[in-house]
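In: Fold the following, please.
(chains A, B, C and D)
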Number of protein chains: 4
Amino acid sequence: MTTPKIPTEEEVLGWMTTLSNWGRWGPDDELGTLNLITQQKRAQAGSLVREGISVTCSRLIVPETAADVTSIPPLHYMIRTGESAPSSGPGGSSDFIGLSFHGLTITHLDSLCHQFWDGKMYNGKPASMVTADEKATAGAIDQAQNGIVTRGVLLDITAVKGKDWLEAGEGVFTEDLEAAEEAQGVHLEEGDALLLRLGWYKRRQELGPPAAGRPGLHAETLPWLHRRGISIIAADASQDADPSGYPNLGLPIHRVGIVAMGLWLIDAANFEELVQVCRRLNRWEFMFTVAPLRFKNATGSPVNPLAVF
Amino acid sequence: MTTPKIPTEEEVLGWMTTLSNWGRWGPDDELGTLNLITQQKRAQAGSLVREGISVTCSRLIVPETAADVTSIPPLHYMIRTGESAPSSGPGGSSDFIGLSFHGLTITHLDSLCHQFWDGKMYNGKPASMVTADEKATAGAIDQAQNGIVTRGVLLDITAVKGKDWLEAGEGVFTEDLEAAEEAQGVHLEEGDALLLRLGWYKRRQELGPPAAGRPGLHAETLPWLHRRGISIIAADASQDADPSGYPNLGLPIHRVGIVAMGLWLIDAANFEELVQVCRRLNRWEFMFTVAPLRFKNATGSPVNPLAVF
Amino acid sequence: MTTPKIPTEEEVLGWMTTLSNWGRWGPDDELGTLNLITQQKRAQAGSLVREGISVTCSRLIVPETAADVTSIPPLHYMIRTGESAPSSGPGGSSDFIGLSFHGLTITHLDSLCHQFWDGKMYNGKPASMVTADEKATAGAIDQAQNGIVTRGVLLDITAVKGKDWLEAGEGVFTEDLEAAEEAQGVHLEEGDALLLRLGWYKRRQELGPPAAGRPGLHAETLPWLHRRGISIIAADASQDADPSGYPNLGLPIHRVGIVAMGLWLIDAANFEELVQVCRRLNRWEFMFTVAPLRFKNATGSPVNPLAVF
Amino acid sequence: MTTPKIPTEEEVLGWMTTLSNWGRWGPDDELGTLNLITQQKRAQAGSLVREGISVTCSRLIVPETAADVTSIPPLHYMIRTGESAPSSGPGGSSDFIGLSFHGLTITHLDSLCHQFWDGKMYNGKPASMVTADEKATAGAIDQAQNGIVTRGVLLDITAVKGKDWLEAGEGVFTEDLEAAEEAQGVHLEEGDALLLRLGWYKRRQELGPPAAGRPGLHAETLPWLHRRGISIIAADASQDADPSGYPNLGLPIHRVGIVAMGLWLIDAANFEELVQVCRRLNRWEFMFTVAPLRFKNATGSPVNPLAVF
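Out: Numbering: from 1, shown residues only, chains lettered A, B, ... in the order given. Sure thing, here's the model as predicted:
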């Protein structure tokens, strides 16, 4: 491979303007790149369901503290159990779950208010529309209430790189994406979902929770993502390489992607089962569905994305 | 219509045995009626995606107390807001959500450990496997980790009944189901999802939260559900009429359905948008997907089921 | 009794300035009226412990929704139970509790950041120091980390009024306070805690949760509270009459008291046991202790205030 | 010092019977050693209030994960903040707190249902009375609703040992307790609260959260605690040395103390401020008050115990 040209931080900051989708779908738009998923695209996705196989892209949600849990661990409390269920007649069980889902361990979808730049969220709405009292009164998850149904394409970057997983801070470049496309015989098109396997969840399963950092897309890929018209990215890490090499931006894919482009992101996915199915069927495209909880004025949702063949 | 024959409570209790699926798919099975969803059935579901339209079947989750909230209201707290976001550079928002999802207001999927009878859950596992400490160590939601993808059929019972909604305690009988099938030109088959519109959510939107009771399937439909091989039922109430007329069983569809048949149920769905699309397309069958959160050892999950045309 | 002179809202608003304690104990003070509790006052309080009787002034915290629960009900979930405790050897139980304690049902202490006026809290600190991210970085409950120990005096206003309880919106005036003092043979002095029995909790126990409104101190008492040097008020309602008759101020005791005077308030107390002991001993003064949880940057704390004789 | 005689595990298990207080205060008693606090004892405690100084014995509750947080960290979410408070007129702040208080970091009081032995709690009540559904229907914290008010005595074991803190697993023996009594010129009597400074919180402040283990009372002290009639122990670790040297009992002070003796325990206290005051006043006895939250059917409570001089 050639050495990719690394943009300066100033150049990446410039993409906040040049890659911006603000106004592209109207002044009030809160759907962002989901606008790229047309009815035709959904119908195409349906046509990919042939074998009748469905595969989860979610990690298991485990109520435990770990090194990569950045907020509280998931809460899980029983309200009723079977321990005292009568030996005759009815009984039942129920529970309470609590999630601070943003972070590095729970598979979740960010809504477009999750990130701000210069005091604004996607399409220019003021950050101040997200308050402790009223919650996310703009850019909230319920914009995606009808779910995301599109063609999904898994790019297994680990195969291109010839390793089990990428390392913390290791960036994926445009040429890696295109090398994977070529190796797998697929081509990402407008409206598609890009599923990015970096082996990061495999590493967690084998070596335990990482203490810091993660691999991810290098900022250099942003123009490519924009040009291709990717509607949503799901990664088995959290999209951005960390450290990203851009100290002011911090997370360029999150900043430029969500705020400027209105790009939807799924962090902390799991492609371990999916990659097996793709290899077995020798098929890297499928129907991809994401059905966020319709939690009013929330900044995202835990999700169980499905790949259906 | 003829007067349906109402079974006695003793007869319904007898169905605990005669309609039982215990052992049908092996002694360790925890999938129950999801076994009826074959690869062919999923492929058939995919073939129903033609117009490329996706519709939510979930209610909005609103963090408020109401007359029909049987446990705590949903919890929603902001961790970071945009109120103090800097006017220059990065900012972000995140939140915590908490749900006691069983009950009458949050669209959710019950896993098979949600109900017990005679100290046992589906397939004979002891109720005592659900504990405060270890949670649901059997019959948990992650059995459905790969999601539910099947052919869905909406039966609009309100149209058959010629009313906006059924009343609390009003039962739906086999002949109502078959009348709806005939009126809509559909036929439910093995592995299908039955979506049951009773108008109950429409009533809530128009008249406010009901203080007590709900319409639902009469116990008399249990043999029909078993014979037809329904894999999952989603209702805009909570499946069972309440009061059901069976004081010992309480909720016969929940008891016989979940415990004996291993039948999966989605309570508190929303078909208001879906019924409009069905009417407009004059199409009552579609791809139906349910993707429960993979919460370890949980007794169910809030869900946003999707109907895709 | 004479007809008390009712101040206009403008007059009460003027007290924001004329009754203000801003700067009185230094520019950085966050203790407010707790400064009035001197070592001598605490020693005096200790000298009131003679019979060796301790009485709770807290209501029972019950995890249930009720008409007067203004936020979520208390959360209570078991982590370990005794249901599966082994018949031989060790076992144990533990639980999780969650409280949104401000409101009308949980006995709690407000810290001085709980109320703002014109964008400021007590002693002129900006309201913006209380954020979703950092919580209460000023005026937080841990200012009272060493507890409140002072002479407490219960004034049983119901006895003066000759009724079981005051009604919603019924105000207590200076002359009522002084009539109670005279009837009971006590005199409130600088640093004392005023315990105000309005019978409101008795009414709740007898008639159930009130749907709206409550009795409380009329705004007219503010100069008296200031003049007497009351350090803390605990009421079996929530200090302010509601409706208060002051639409702009809403809750004058909370606004002028907390923001201008730095006055500490305990809402939703319980004096049903205490009034019995006071009557039996014919003693209306006692040691009063309040020990708020030392929750970092919190806006108050649930408390169990004790009266010790 | 002489070498203390170390009892075998069998001997300690025998104390379950020989040191038992079951039945001592009646068959239904749930107060245990709090029965030893008489009115005279409370009056004596009041007489110790002379300087008028009150000191917290609680740690700060910090909503953060740490190595010694055994369950979830404390939850703290803002409901209203001052970030958007209007510059004119009223505003306010409020919050939600959530605690899984048992463990090693939050100062809390165990109620007598917190520990079981052979399927029973103190006074023979079955462990099965603590359920997920009904919570602690016996041995719950509200038994101490009127608070604990007694004479407190701080024994500074670190001074006796001549070190800043005891190490993990280091046991305190009867002779250490008596050496501290002698050095400080105090004598613990029936009904007194024993406050045990092991320096463990000081160590946490200086070296950070300990990864494992803690110092504490050796099981050998149990007969002494019983003989002296200690009503409650508060330690700046969690009473029991860990490891305790008794693999079957695990935590002998918790097991024999709570279950057999009905002894009340406060874990994870803070005596850093208190020890300074004791040294300065050269006074090691004081009024000690504990006011648990009156949370219905809870297994304990976070507390802010006060020492008043």
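In: Skipping its backbone neighbours, what lies nearest A:T107 in space?
Out: Leaving aside its sequence neighbours, A:T107 sits nearest to A:S58 (CB to CB, 6 or more residues apart in numbering or on different chains; 4.1 Å). Where C-beta positions appear, they are placed from N, C-alpha and C, glycine not excepted.
In: I'd guessed the one you found sits against A:A291; true?
Out: No. Counting by CB atoms under 8 Å, A:A291 is not a contact partner of A:S58; they are 11.3 Å apart.
In: what sits in contact with each of these two?
Out: A:V303, A:N304, B:A291 (CB atoms under 8 Å, 6 or more residues apart in numbering or on different chains).
In: Return the per-residue confidence for the residue in the stretch 151-300 of chain A positioned nearest to chain D.
Out: Closest residue of the stretch 151-300 of chain A to chain D, CB to the nearest CB: A:P209 (12.7 Å). Note on A:P209: pLDDT of 96.
In: do A:S84 as well
Out: Predicted confidence (pLDDT) for A:S84: 87.
In: where does A:A43 land in three-state SS?
Out: helix (DSSP: H, G, I helix; E, B strand; the rest coil).
In: Based on its surroundings, how many neighbours for the closest residue to it other than its chain neighbours?
Out: Leaving aside its sequence neighbours, A:A43 sits nearest to B:G52 (CB to CB, 6+ apart; 3.8 Å). Using other CB atoms under 10 Å in any protein chain shown, B:G52 has 19 other residues around it.
In: was I right about B:G52 contacting A:N146?
Out: No. In this structure, B:G52 is not within contact of A:N146 by CB under 8 Å, at 11.6 Å.
In: any idea how far A:K202 lies from B:L293?
Out: According to CB to CB, to the nearest Å, A:K202 and B:L293 sit 22 Å apart.
In: More neighbours: those two, which one.
Out: Applying other CB under 10 Å to A:K202 and B:L293 shows that B:L293 carries more neighbours, namely 31 against 18.
In: that older thread, in helices, which of the shared contacts of A:S58 and A:A291 appear?
Out: Using DSSP state H, no member of those falls within helices.
In: and the residues you listed, which are buried?
Out: A:V303, A:N304, B:A291 (16 or more other CB atoms under 10 Å in any protein chain shown).
In: so what's the second one up against?
Out: Spelled out, it's A:N304. Neighbouring residues of A:N304 by CB under 8 Å, 6+ apart: A:T56, A:C57, A:S58, A:T107, A:A291, B:Q145, B:G147, B:A291, B:P292, B:L293, B:R294.
In: which phi and psi does it have?
Out: In terms of degrees, to the nearest 10, the main-chain angles of A:N304 are phi -120, psi 90.
In: Model confidence for it, exactly?
Out: 98.
In: any idea how far it is from B:H102?
Out: 19 Å.
In: again with A:V12
Out: For A:V12, the distance to B:H102 equals 47 Å [CB to CB].
In: any idea where the helices of the stretch 51-200 of chain A begin and end?
Out: Remark: helices assigned in the stretch 51-200 of chain A by DSSP state H, counting those that start in this stretch are A:157-161, A:174-184, A:200-207.
In: Can you tell me which of those helices is most buried?
Out: helix A:157-161 (a mean of 20; mean count of other CB atoms under 10 Å in any protein chain shown).
In: check contacts around the residue sitting nearest the centre point of chain A.
Out: The C-alpha lying nearest the average C-alpha coordinate of chain A belongs to A:I266 (CA atoms, centre = their mean; 1.4 Å). A:I266 makes contacts with A:C57, A:T107, A:H108, A:L109, A:D110, A:I232, A:I233, A:A234, A:A235, A:V290, A:V303, A:P305, as judged by CB under 8 Å, 6+ apart.
In: Tabulate the CA atom coordinates of the host helix or strand of it in CSV.
Out: Counting by DSSP states H and E, the element that carries A:I266 is strand A:264-267. Provided in CSV are the C-alpha atoms of strand A:264-267 (Å, rounded to 0.1, in the frame of the first residue of the first chain):
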residue,chain,number,x,y,z
TRP,A,264,-25.6,8.2,12.1
LEU,A,265,-23.2,6.0,14.1
ILE,A,266,-23.5,2.7,16.0
ASP,A,267,-20.8,2.3,18.5
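In: and after that strand, which helix or strand comes next?
Out: Following strand A:264-267 in sequence, per DSSP H and E, is helix A:272-281.
In: re the thing from before, got the contact list for the residue nearest to A:T107?
Out: Shown in contact with A:S58 (CB under 8 Å, 6+ apart): A:T107, A:A269, A:N270, A:V303, A:N304, A:P305, B:Q145, B:A291, B:L293, B:R294.
In: Go through the residues you listed and name the one nearest chain C.
Out: The closest of the contacts of A:S58 to chain C turns out to be B:L293 (CB to the nearest CB; 18.5 Å).
In: and chain A, which residues reach chain D?
Out: Taking CB under 8 Å from any CB of the partner chain, the part of chain A that reaches chain D is made up of A:65, A:69, A:72-73, A:75, A:78-81, A:83-84, A:128, A:131-133.
In: Can you pull the residues of the stretch 101-250 of chain A lying near chain C?
Out: Within the stretch 101-250 of chain A, the residues that sit near chain C (CB under 8 Å from any CB) are A:A132.
In: Great, nothing more from me.
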